[in-house]
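Asks: task: produce atomic coordinates for the following.
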Amino acid sequence: MTIKRRQFMKLGLASTAALALGTPAAFAGDKERTGSLSGRPGYNVKGTVSVTGDTVTLKSDYVFDPSKNPPDIKIGFGNGETYANGSKIHDKLTVKKGEASFKIPTGIDTSKYNELYIYCEKFTVILAVAPLS
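Replies: The predicted structure is shown next:
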């Protein structure tokens, strides 16, 4: 396939515009990372999660123990079973079953973390962990 100079210039302008407007991480080459949630003792939490670009998705197989109702449930990131302060992605997780997506706030670099957490912020307790790969 041959690209003419005019087509090449249009591609260059489109790329420049995308960069100037704040290119989404997915466009910048951020690949999807997935993991399986594992509940911590006393919490039956399971399901698949994915992190792509600026979005965390709990897949359709996600289930949070319906018999448990801890206050202040959040989603965040960390490494080595340690939640990273400042990695919280929303105000309160109310979804207990099924698919849901959450936008990751600007400023959180998910590439720094290899685990996703569901945790209780009020009592600083990790409820479930999903290693990301």
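Asks: and residue 79, how many neighbours?
Replies: 12 (other Cβ atoms under 10 Å). Heads up, the C-betas are built off the backbone N, CA and C, glycines and all.
Asks: typo on my end, it should be residue 34
Replies: Residue 34 has 16 nearby residues by other Cβ under 10 Å.
Asks: beta partners for it?
Replies: Beta-bridge partners for residue 34, by DSSP bridges, are residue 50.
Asks: quick check, it in contact with residue 47.
Replies: No - the pair residue 34 / residue 47 is not scored as a contact, 10.9 Å apart, by Cβ atoms under 8 Å.
Asks: how about the strands in this structure?
Replies: All strands of the chain, identified by DSSP state E, fall at 33-39, 45-52, 55-58, 63-64, 73-79, 82-83, 100-103, 115-120, 125-131.
Asks: winner for burial among these?
Replies: Highest mean neighbour count among the strands of the chain (mean count of other Cβ atoms under 10 Å): strand 115-120, with a mean of 22.
Asks: quick check, central residue of this protein?
Replies: Central residue of the chain (Cα atoms, centre = their mean): residue 56, 2.9 Å from the mean position.
Asks: list the residues that contact the closest residue to residue 110 other than its chain neighbours.
Replies: In this structure, residue 110 finds its nearest non-sequential neighbour in residue 51, 5.4 Å apart by Cβ to Cβ, 6 or more residues apart in numbering. By Cβ atoms under 8 Å, 6 or more residues apart in numbering, the residues touching residue 51 are 32-34, 57, 104, 110, 116, 132.
Asks: turn the residues you listed into CSV, columns for distance to residue 76 and pLDDT.
Replies: Conversion of the contacts of residue 51 to CSV gives the following (distance: Cβ to Cβ, whole Å; pLDDT from 0 to 100):
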residue, distance to residue 76, pLDDT
32, 19, 96
33, 15, 98
34, 17, 98
57, 15, 98
104, 10, 97
110, 11, 95
116, 8, 98
132, 13, 98
